[in-house]
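> Pasting the sequence and the predicted model now:
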Amino acid sequence: METIEYLLSIDINYIAVGLIALFFTLEHVLSTQFPFKERGKHFWNSLLFQVVFLIGNLFWAGFFVFCIEWLNQNEIGLFYMLEFPLWLKLILGILILDLGTYWFHRLSHLSPVLWRFHRVHHSDTTMDSSNYFRSHPIEVLFWFGSAPIFMSAIFGLDLFTIGVYFLVLTPFLVIEHSNLKFPAWLDKTIGLVITTPNFHKIHHDQDQHYTDSNFADIFILWDRIFGTYKYKPAEQVKLGLAEFDEERKQTFWYLIRSPFLRD
């Protein structure tokens, strides 16, 4: 328990940056899934998105903690009406948070307004671990973290449970976006329940049939249950979005303006 509490005391941004540094190094040493194109320009674009993402998270974190603490202090949520042991609350809480994230992610594809911001994350025609940070600042500020607050208001999840969830989630997101090759047998074993990197790469395919699939971050089980699971061999995936194929549309400044431009 003390180890978990210590890990939870570390700023999640530090963990994310550390994981990015590790996988970014591995991606340049080991064989990769997809070819790197224009790595110089891509590096600077990624760096700008990382800075914006981390700054946005700093502003968001204070509001996020305030909301969860207020909900907990007022004992709002179903778990306050039920006498569950801590370990059961933790397991159920992680499942509930991941389910909520699945639906919020799916909504960001279904809503035309939300999609205009979320598609920035899908616009990259290559993939590496830095894609974890490639998100529009408005999405970071006003959408990321909304699912945990919403689910906490319904179920009464505490900061400890949410902290453990993010501690598990962050490595998943970094690995899922990495450019490393992963064996297909992973998809046929743990992939029955867990989201594998190959499954998430399919989610970044240009074909909308695949873009609108595999929304789950940790448990692919949600996609299997709600009919959004899709599969194709990772080597057949064509990354990005057709409307962002032009080189000028891959710059940081264009992507920041893109939600407000006419297609």
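Thanks, I have the structure now.

> The most far-flung residue of the chain relative to its centre in helix, strand or coil?
The outermost residue of the chain, judged against the average C-alpha position, is E83 (31.9 Å), by CA atoms, centre = their mean. Following DSSP: H, G, I helix; E, B strand; the rest coil, E83 is assigned to coil.

> quick one, what contacts the nearest residue to W44 once chain neighbours are set aside?
For W44, ignoring the flanking residues on the chain, the nearest one in space by CB to CB, 6 or more residues apart in numbering is F252 at 7.6 Å. Just so you know, the C-beta spots here come from the backbone N, C-alpha and C atoms, and that holds for glycine as well. Applying CB atoms under 8 Å, 6 or more residues apart in numbering, one finds that F252 lies in contact with 44-45, 48-49.

> Buried ones from these, can you make that a ChimeraX selection?
Buried residues within these, by 16 or more other CB atoms under 10 Å, are selected in ChimeraX with:
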select :45,48,49
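
> about what we covered before: what does the model give the residue nearest to W44 for pLDDT?
Looking at F252, its pLDDT reads 93.

> Repeat that for the one 3 residues further on.
In the predicted model, L255 carries a pLDDT score of 95.

> Skip the chain neighbours and tell me the closest residue to L173.
Closest to L173 by CB to CB, 6+ apart is Y132, at 5.2 Å.

> Regarding the one you found, what are the backbone dihedral angles?
With angles defined as degrees, to the nearest 10, Y132 sits at phi -50, psi -40.

> do you know how far the residue nearest to W44 is from H136?
Distance of F252 to H136, computed by CB to CB, to the nearest Å: 11 Å.

> Could you do H200 as well?
H200 is 19 Å from H136, by CB to CB.
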